[in-house]
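> Could you look at this predicted model? Sequence included:
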Amino acid sequence: MDEQYTEMVKDHFFNPRNVGEIKDADGVGTVGNPICGDVMTIYIKVKDEIIIDIKFKTFGCAAAIATSSILTGMAKGKMLDEALKITRDDVANELGGLPAIKLHCSNLAADALREAIKDYRKKNKR
Amino acid sequence: MDEQYTEMVKDHFFNPRNVGEIKDADGVGTVGNPICGDVMTIYIKVKDEIIIDIKFKTFGCAAAIATSSILTGMAKGKMLDEALKITRDDVANELGGLPAIKLHCSNLAADALREAIKDYRKKNKR
Amino acid sequence: MERIYMDYGASTPVDKEVIEEMMPYFDKFYGNPSSIHSFGREAFDAVEESRKKIADIICANEDEMVFTSGGTESDNLAIKGIAFRNKKKRGSKGTHIITSAIEHPGVLTTCKYMEKIGFNVKYLPVDKHGLIDIKELEDAISKDTFLITIMFANNEIGTIEPMEKIGKIAKEHDVIFHTDAVQAVGKVPIDVNKLNIDLLALSSHKIYGPKGAGALYVRNGVKLQTIVHGGGLEKGLRSSTYNTPGVVGLGKACELGKIRIKKDMVYLKNLRDMLIKDILKIEESYLNGHPEKRLVNNAHFRFTAIEGESLNLMLDGKGIAAATGSACSSKKLQASHVLLAIGLKPEEAHGSLRLTLGRMNTKEDVEYVVEVLPEIVQNLRNMSPLWNR
Amino acid sequence: MERIYMDYGASTPVDKEVIEEMMPYFDKFYGNPSSIHSFGREAFDAVEESRKKIADIICANEDEMVFTSGGTESDNLAIKGIAFRNKKKRGSKGTHIITSAIEHPGVLTTCKYMEKIGFNVKYLPVDKHGLIDIKELEDAISKDTFLITIMFANNEIGTIEPMEKIGKIAKEHDVIFHTDAVQAVGKVPIDVNKLNIDLLALSSHKIYGPKGAGALYVRNGVKLQTIVHGGGLEKGLRSSTYNTPGVVGLGKACELGKIRIKKDMVYLKNLRDMLIKDILKIEESYLNGHPEKRLVNNAHFRFTAIEGESLNLMLDGKGIAAATGSACSSKKLQASHVLLAIGLKPEEAHGSLRLTLGRMNTKEDVEYVVEVLPEIVQNLRNMSPLWNR
Ligand SMILES: Cc1ncc(COP(=O)(O)O)c(C=O)c1O
Ligand SMILES: Cc1ncc(COP(=O)(O)O)c(C=O)c1O
């Protein structure tokens, strides 16, 4: 019945990495809905198919903020194809797990990243 | 909601007066039923219409024993006609009250005395 | 780190004097109060003395109090107890219950269950401050209405409902009136007779008593069906061995509550108003609940573009314990029904913060909260895609 | 006067170690375990740790335990919880419940209520020792039977029912098996899996824990309807703020119980057998209950021609706390249903004495009781019109 946040979640919540906007982002992805209590925007800079910079803005609970923070760290420096493979489960695992009820609703970062990559590819269609 | 025994009840329960039998009693009265948990027998010696000795035997709860004890004290030395006037309420009052649920079921002493007097009068019909 | 507790609405520490009073009943006077021996009698006496003290805080008679395990059970016993009396005993009444949209789950979930098993329930709406409309209440009453259950004071936004008027209407229409007064006891003077209250739920752990103890006031003459069947204590209304220490603790808490209420009210209101005044200086911050008709210890806010769980955890990181009506902090992941009922949009309800004060709070506590909060709100807004300034 | 407590079956003192464990949860870790801040989390952790300890004493999983306010509520939740699941969810089962004639009122009164609202209940008789007949149980099962509820050990005469056989039959017939184990826990080793028990009620104040706390074991997969509606804790099975000190106390009591059970059993059995041997020397005294299949701490007697309340009060006068099944000591003024069920006549049932031993009793206590009792019995008999010798 353990429904509490791990130390890792707390660390990323209290000291979120890569917070902010990238004004001249190559791709931007937003998921979530304020009515449900979670909105996430991910900004990426891409060079040679590599994510060279990534930032996020998140409205949501501690899980939403922590998953945003860790996901940005996981994605930075990755090839886009590799980054697309990051799943919600990967994110949760990297954080040492999430409370069951948070697993689905607040764990949106991987989705936002996929949206950002999609946005980048749309803009940069060959 | 006070359902506890008064000090007076406890005194008469722990130190019952007039316990016993009168072998050559002039009147004997028994009331109650072992199934209900209370049986009382009152023995009286009568001289010139006066109760000159009285004893009891009681099977029953503390209230039954205490009421037997105090009743015998109240009746001793009384004229039969006076003794007949002793009611259950008189007995309960003399004890400083009884718990409500004991008021009716265990307070049989006055009835037993009446039976004893009736018995005496039957035997000594003029 | 020093910690500051401002969540007295969720639970209170047990008062030292209450603990002291309870202690002997754990291992000295441990007899079962129903036993006839001396160990039982000393426990029985303590239970009955406590009954008087508990009745006293709401100006009731001691024989009108039924002990329960808490506010929730009291609410359940009140509502189901009246409803499950067979129809004949309820008189010519039907199956209609009137309640409000902002009740505590102890009442609300029970009412939803009653609907499921065939009763009809009217959930009165509230205005933007959380008040029910008396006219609407009166209009809702039909010949089928047997129960009005409306809380004394709301646990989230602190709004105090018009008890006297509700009581008057209930009496006029010969309808039983139950109130969940869990948050009000000790913070609002209560006289069940003046207010025409028939049933009243209270809980120990909100008034510096131990958890796991509560009581239901049942006006003499009002008949209930028990919901915990057994040996038949409490005139058959609630079975199970008396929780002697719990009852004694609740009794002492009520006694202290009665003595201290005036001082408490002035003291808490003063701290509360400091909180409200200073917190509302934050940009796009709003007070929820009624500006005046509110519990002296309740301050409830919302902040645009941030989410309550995060806000509360950030405060927790600074040692401050508070609460929120955010969906994310609840197991059901739904925004507070109270905040929605006062007309907030879900996204507004998410950004809520409840600070509930208690006897142990000081001016310094308030100053610390007021100092720390703006920066946290700012940090979260800087992180929020909904805050575009 | 020195007092001797031999009514552990009615309630126990709280163990010093249990009190110590509980204390911080009154005024140090007083947060509501459902709150998200640090005060809440430390309380939550304590609750969950206790859950493990409680599950452990009956070899269950921690997620199979539901906290309640005591044994009575656990029994109510078990029986009503299964019964009120709608028929479809109960499967093709009907409305038939099987119980025994000697259940505690927590079960018996609930069953009587179930009858009143349309269920059918079979009350299995018992033999002169208080044992149900397994064959009779099996014969009573029909396709409509959805619940067997038979106590583990009887609270009056101490008889231990054939749990393993009942469990086996329940399983074979696909019927839910609930047992009221309030008196057995800590005095009989229990493994709910070995015994095929689906639901098991236990109570804290019978095992040196605090009053007002209990638990219901609910086998994984067994679905219940809640009886206390509210915020939806305990997987929706039991709402109301967690009684943290109560839960912690129950947890510690279970932990100690598990550690000490072997020693306790030997120690208590030894004292009990001394009691029985010496008390049966009294003329026309009889042991009630089973000679072997009985709780290690239970000695239950009857004495011809005397009444139990008087006997108990006389013992109380000598500082000895005991119990009786006499009508006169009960609010209902009826002789114990258990004593009648084992075939005693009402007048025999009146003369009963229950001595239930506990950890704090000593050999000296037993010696004192054995010394004092014969004289009291003699005095009462001398006073009794039913004793003619
Ligand atoms: C208004 C209100 N009613 C009922 C309750 C339930 O009380 P308890 O936790 O004692 O069951 C609470 C607190 O949780 C409350 O605030
Ligand atoms: C066998 C049995 N079941 C149930 C109970 C009720 O337990 P509680 O007093 O905790 O409600 C008791 C004790 O009173 C008991 O002995």
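Nice, I can see it. Ligands and ions are numbered 1, 2, ... in the order given.
> only C-alpha atoms for contact and neighbour calcs from this point on.
OK.
> Quick check, pLDDT for residue 126.
Just going to use chain A. The model reports residue A:126 with a pLDDT of 59.
> nope, chain C please
Residue C:126 is assigned 98 on the pLDDT scale.
> mind listing what it touches?
C:100, C:101, C:102, C:132, C:133, C:341, C:342 (CA atoms under 8 Å, 6 or more residues apart in numbering or on different chains).
> Produce a ChimeraX select command limited to the buried residues of the residues you listed.
Buried residues among the contacts of residue C:126 (16 or more other CA atoms under 10 Å in any protein chain shown), as a ChimeraX selection:
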select /C:100,101,102,132,133,341,342
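> how about the contacts of residue C:126 in a markdown table, adding pLDDT, secondary structure and distance to ligand 2?
Converted to a markdown table, these look like this (pLDDT from 0 to 100; DSSP: H, G, I helix; E, B strand; the rest coil; distance: CA to the nearest ligand atom, whole Å):
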| residue | pLDDT | secondary structure | distance to ligand 2 |
| --- | --- | --- | --- |
| C:100 | 98 | strand | 33 |
| C:101 | 98 | coil | 34 |
| C:102 | 97 | coil | 33 |
| C:132 | 98 | strand | 39 |
| C:133 | 98 | coil | 42 |
| C:341 | 97 | helix | 39 |
| C:342 | 97 | coil | 41 |
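> where does chain A have low pLDDT?
For chain A, residues meeting the criterion pLDDT under 70 lie at A:1-3, A:105, A:126.
> All the strands of it, residue numbers only.
Remark: strands assigned in chain A by DSSP state E are A:27-33, A:38-47, A:50-59.
> ok, which stretches of chain C are helices?
Here chain C has its helices, by DSSP state H, at C:16-22, C:24-27, C:38-56, C:71-84, C:105-116, C:134-140, C:163-172, C:244-279, C:308-317, C:337-341, C:346-349, C:363-383.
> Make a markdown table out of those helices and add distance to residue C:295.
Formatted as a markdown table, the helices of chain C follow (distance: least, CA to CA, whole Å):
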| stretch | distance to residue C:295 |
| --- | --- |
| helix C:16-22 | 23 |
| helix C:24-27 | 33 |
| helix C:38-56 | 21 |
| helix C:71-84 | 18 |
| helix C:105-116 | 19 |
| helix C:134-140 | 20 |
| helix C:163-172 | 14 |
| helix C:244-279 | 8 |
| helix C:308-317 | 21 |
| helix C:337-341 | 16 |
| helix C:346-349 | 20 |
| helix C:363-383 | 17 |
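> And those: which comes nearest residue B:44?
helix C:38-56 (36.0 Å; CA to CA).
> and the closest one with helix D:308-317, angle?
Put simply, helix C:38-56 runs at 100 degrees to helix D:308-317, going by axes from the mean of the first three to the mean of the last three CA atoms, to 10 degrees.
> which residues make contact with helix C:38-56 from outside it?
With contacts defined as CA under 8 Å, 6+ apart, helix C:38-56 is touched by B:1, C:25, C:29-35, C:61-65, C:217, C:242, C:244, C:247-248, C:250-252, C:254-255, C:258, D:316, D:319, D:321.
> cutoff 7 Å now
Residues outside helix C:38-56 that contact it (CA atoms under 7 Å, 6 or more residues apart in numbering or on different chains): C:29-35, C:61-62, C:65, C:244, C:247-248, C:251, C:254-255, D:316.
> Lowest average confidence across the helices of chain C, which one?
helix C:346-349 (a mean of 90).
> Quick check, central residue of chain A?
With distances taken as CA atoms, centre = their mean, residue A:109 lies nearest the centre of chain A, 2.9 Å away.
> residues touching that residue, list them.
Contacts of residue A:109 (CA under 7 Å, 6+ apart): A:40, A:67, A:68, A:71.
> can I get these in CSV with neighbour count and distance to ligand 2?
Putting these into CSV (neighbours: other CA atoms under 10 Å in any protein chain shown; distance: CA to the nearest ligand atom, whole Å) gives the following:
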residue, neighbour count, distance to ligand 2
A:40, 29, 50
A:67, 27, 46
A:68, 33, 49
A:71, 32, 51
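> Chain A: which of the contacts of residue C:126 is nearest?
Nearest to chain A among those is residue C:341, at 15.2 Å by CA to the nearest CA.
> wouldn't the closest one be in contact with residue C:101 here?
Yes. Counting by CA atoms under 7 Å, residue C:101 is a contact partner of residue C:341 at 6.5 Å.
> Pull up the overlap in contacts between those two.
In terms of CA under 7 Å, 6+ apart, residue C:341 and residue C:101 are both contacted by the residues residue C:125.
> check contacts around residue C:232.
Residue C:232 neighbours (CA under 7 Å, 6+ apart): C:238, C:239.
> For residue C:238, see how far away it is.
For residue C:232, the distance to residue C:238 equals 7 Å [CA to CA, to the nearest Å].
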